[in-house]
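**Q** Sequence and predicted structure below; questions after.
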Amino acid sequence: IGPNVSISANARIGAGARLITCIILDDVEVK
């Protein structure tokens, strides 16, 4: 596994975490 693959994997994980956080925040605001 090269460094580029690691970076792209981290980017996908970061994007997924931000997406989940946004969904949770939206859910809390609705309630």
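**A** Now that the structure is in, tell me what you want to look at. Since this is a predicted model, take the numbers as computed values, not measurements.
**Q** Can you give me the separation between Ile13 and Ile24?
**A** 16 Å (CB to CB, to the nearest Å). Quick note: C-beta positions are derived from backbone N, CA and C, even for glycine.
**Q** now the helices for the chain?
**A** 3-30 (DSSP state H).
**Q** any low-confidence regions in it?
**A** Residue ranges of the chain with pLDDT under 70: 1.
**Q** what's stretch 4-11 in contact with?
**A** With CB atoms under 8 Å, 6 or more residues apart in numbering as the test, stretch 4-11 has no contacts from any other residue.
**Q** Would you mark the buried spots in it?
**A** Within stretch 4-11, no residue is scored as buried using 16 or more other CB atoms under 10 Å.
**Q** how far does that stretch sit from the chain's center?
**A** Relative to the centre of its chain, stretch 4-11 is centred 13 Å away, using CA atoms, centre = their mean, to the nearest Å.
**Q** Count the neighbours of Lys31 for me.
**A** By other CB atoms under 10 Å, 5 other residues sit near Lys31.
**Q** Any figure for the gap between it and Leu19?
**A** In terms of CB to CB, Lys31 sits 19 Å off from Leu19.
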